[in-house]
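Enquirer: Return a 3D structure for these sequence lines:
(one chain, ligands or ions: 1)
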Amino acid sequence: MKKLIAIFAFFVLSALPLASPAASNKTVGYIKCPICGDKVNPKTAKNSWTHKGKKYYFAACCTKKDIAKFKKNQQQLKK
Ligand SMILES: [Zn+2]
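Expert: Numbers count the residues shown, from 1 in each chain. The predicted model follows:
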């Protein structure tokens, strides 16, 4: 009986990462801070900015000054 439980436990544990697409979505949900390249979770990011239909999220390490500078640079870009 112990062996059966062990096999069952192994099956459950090995199937877990496949059975939870939400977990992989979380990793995919992370985006790069355009200023420093740090990982940002859009759901928890305190600083965001929408410019020309694109939404930017800034990591917590970036100061308001950094963000203001970034915004200015983006607004000056002409494509
Ligand atoms: Zn940053």
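Enquirer: Quick check on Ala68: phi, psi?
Expert: Backbone geometry at Ala68, expressed as degrees, to the nearest 10, gives phi -60, psi -40.
Enquirer: and this protein, which of its residues are near the ion?
Expert: With CB under 5 Å from the ion as the criterion, the chain meets the ion at residues 33, 35-36, 38, 59, 61-62. For glycine as for every other residue, the C-beta is placed from the backbone atoms N, C-alpha and C.
Enquirer: again, 8 Å this time
Expert: For the chain, the contact set with the ion under CB under 8 Å from the ion comprises 33, 35-38, 40, 58-62, 66.
Enquirer: which one of the residues you listed sits closest to Asn73?
Expert: When the residues of the chain next to the ion are compared for distance to Asn73 (CB to CB), Ile35 wins out at 9.8 Å.
Enquirer: Mind checking what helix or strand follows the helix or strand of the chain with the lowest mean pLDDT in sequence?
Expert: Lowest on mean pLDDT, DSSP states H and E among the helices and strands of the chain sits helix 21-29, with a mean of 55. Sequence order places strand 31-32 as the next helix or strand after helix 21-29, per DSSP states H and E.
Enquirer: circling back: just the ones in strands from the residues of the chain next to the ion, please.
Expert: Of the residues of the chain next to the ion, the ones assigned to strands by DSSP state E are 40, 58.
Enquirer: CSV for the residues of the chain next to the ion, including neighbour count, distance to Trp49 and pLDDT?
Expert: Shown next, in CSV, are the residues of the chain next to the ion (neighbours: other CB atoms under 10 Å; distance: CB to CB, whole Å; pLDDT from 0 to 100):
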residue, neighbour count, distance to Trp49, pLDDT
Cys33, 21, 12, 97
Ile35, 19, 11, 97
Cys36, 12, 15, 96
Gly37, 9, 17, 96
Asp38, 13, 16, 95
Val40, 26, 12, 96
Phe58, 23, 7, 97
Ala59, 20, 13, 96
Ala60, 12, 15, 94
Cys61, 11, 16, 94
Cys62, 19, 11, 96
Asp66, 16, 12, 97
